[in-house]
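Here you go, sequence then predicted model.
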Amino acid sequence: MNDFSAVLLAAGASRRMQGRDKLTLPLGGEPLVRRTARTLLTAGVDELVAVVAADREDVRELLMSWGGKPGDGRLRVVSNPEPEEGQMRSVTVGLAALEHPAEGILVALADQPLLTAADIRALMAAFRNRERGEVVVPTFDGQRGNPIVLAAAYREAVLAGGPNLGCRHFMERHPELVEAVPMASDHFVEDLDTPEDLERISLRLEGVSEQP
């Protein structure tokens, strides 16, 4: 059994970016979607499934043309034929596409460029050390963040139409399932949705020479 697998959600439409496609924006010297994938692989996930919209061949190419050997074979790209149905559709597409059993499954957003491999490893350690529950949710200063981590056994419940992991009130509705874990970094609660986010995050990345 693998230690950790991950599903990378990259089928969004960038509706709040005023005509710019955030997945392909250069952040820290490389396209955002590829930067996030590399962060997860560098952190040590054993299998990574990226979910892209079926009509986004450019995003697929960005991921699969990654040096000719993306992620040492750990990365695969699958299509969501119905991205307009919302994020949970991509979650189920990604979970269904995982091929190898794992202790935990990270469900990650493609638009969190501040996350580092060290952040992800800290999250995986928190999952291993959890006291209860099937889902670990990182928090910072009381704010819910991402990625979340699912126990492998919980994957089947989600695929069967269980609780909506993307629901804002998920933690309140299912306290028996969830352990919220305070993290040391605000990287878990920072994402890129608007041009203002892009400007702010780009400034934070300036002068950061170390790759995720």
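Okay, I see it.

Where does pLDDT dip in this structure?
1, 67-71, 162-172, 207-212 (pLDDT under 70).

Go ahead and flag the most central residue of it.
Note on the chain: the residue nearest the mean C-alpha position is A108, at 1.2 Å, using CA atoms, centre = their mean.

dump the residue contacts of that residue.
6-9, 36, 40, 146-147 (CB atoms under 8 Å, 6 or more residues apart in numbering). Backbone N, C-alpha and C define where each C-beta goes, glycine included.

Kindly present these as a markdown table, with separate columns for secondary structure, neighbour count and distance to V178.
Putting those into a markdown table (DSSP: H, G, I helix; E, B strand; the rest coil; neighbours: other CB atoms under 10 Å; distance: CB to CB, whole Å) gives the following:
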| residue | secondary structure | neighbour count | distance to V178 |
| --- | --- | --- | --- |
| A6 | strand | 28 | 19 |
| V7 | strand | 29 | 18 |
| L8 | strand | 27 | 21 |
| L9 | strand | 26 | 19 |
| T36 | helix | 26 | 24 |
| L40 | helix | 26 | 22 |
| N146 | coil | 20 | 14 |
| P147 | coil | 26 | 14 |
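
packing partners for the one helix or strand V149 maps to?
When elements are assigned from DSSP states H and E, V149 belongs to strand 148-151. With contacts defined as 3 or more CB pairs under 8 Å, 6 or more residues apart in numbering; DSSP states H and E, strand 148-151 has these neighbours: strand 102-109, helix 117-128, strand 135-140.

List the buried residues for the second one?
The reference is to helix 117-128. Using 16 or more other CB atoms under 10 Å as the test for burial, helix 117-128 gives 117-120, 122-124, 126-127.

these two touch, right, F188 and V136?
No - using CB atoms under 8 Å as the test, F188 is too far from V136 to be in contact (11.3 Å).

More neighbours: which of the two?
Comparing F188 with V136 by other CB atoms under 10 Å, the one with more neighbours is F188, at 27 against 23.

Now that one: closest residue in space, sequence neighbours ignored.
Counting by CB to CB, 6 or more residues apart in numbering, F188 lies nearest to G145, which is 3.2 Å off, once chain neighbours are set aside.

doesn't M183 make contact with that neighbour?
Yes - between G145 and M183 there is a contact under CB under 8 Å: 7.0 Å.

Who has more neighbours out of the two?
Legend: neighbour count by other CB under 10 Å for G145 and M183, higher for G145 (26 against 17).

mind listing what that one touches?
Contacts for G145 were tallied using CB under 8 Å, 6+ apart; they are 137-139, 183, 188-189.

Next one: it from A184, what distance?
Relative to A184, G145 is positioned 12 Å away (criterion: CB to CB, to the nearest Å).

any chance you could map the helices in the chain?
With DSSP state H applied, the chain shows helices at 32-43, 57-64, 87-97, 117-128, 155-159, 170-173, 195-205, listed in chain order.

Can I get the ones you listed in JSON lines including distance to V49?
Rendered in JSON lines, the data for the helices of the chain read as follows (distance: least, CB to CB, whole Å):
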{"stretch": "helix 32-43", "distance to V49": "10"}
{"stretch": "helix 57-64", "distance to V49": "11"}
{"stretch": "helix 87-97", "distance to V49": "5"}
{"stretch": "helix 117-128", "distance to V49": "16"}
{"stretch": "helix 155-159", "distance to V49": "12"}
{"stretch": "helix 170-173", "distance to V49": "22"}
{"stretch": "helix 195-205", "distance to V49": "25"}
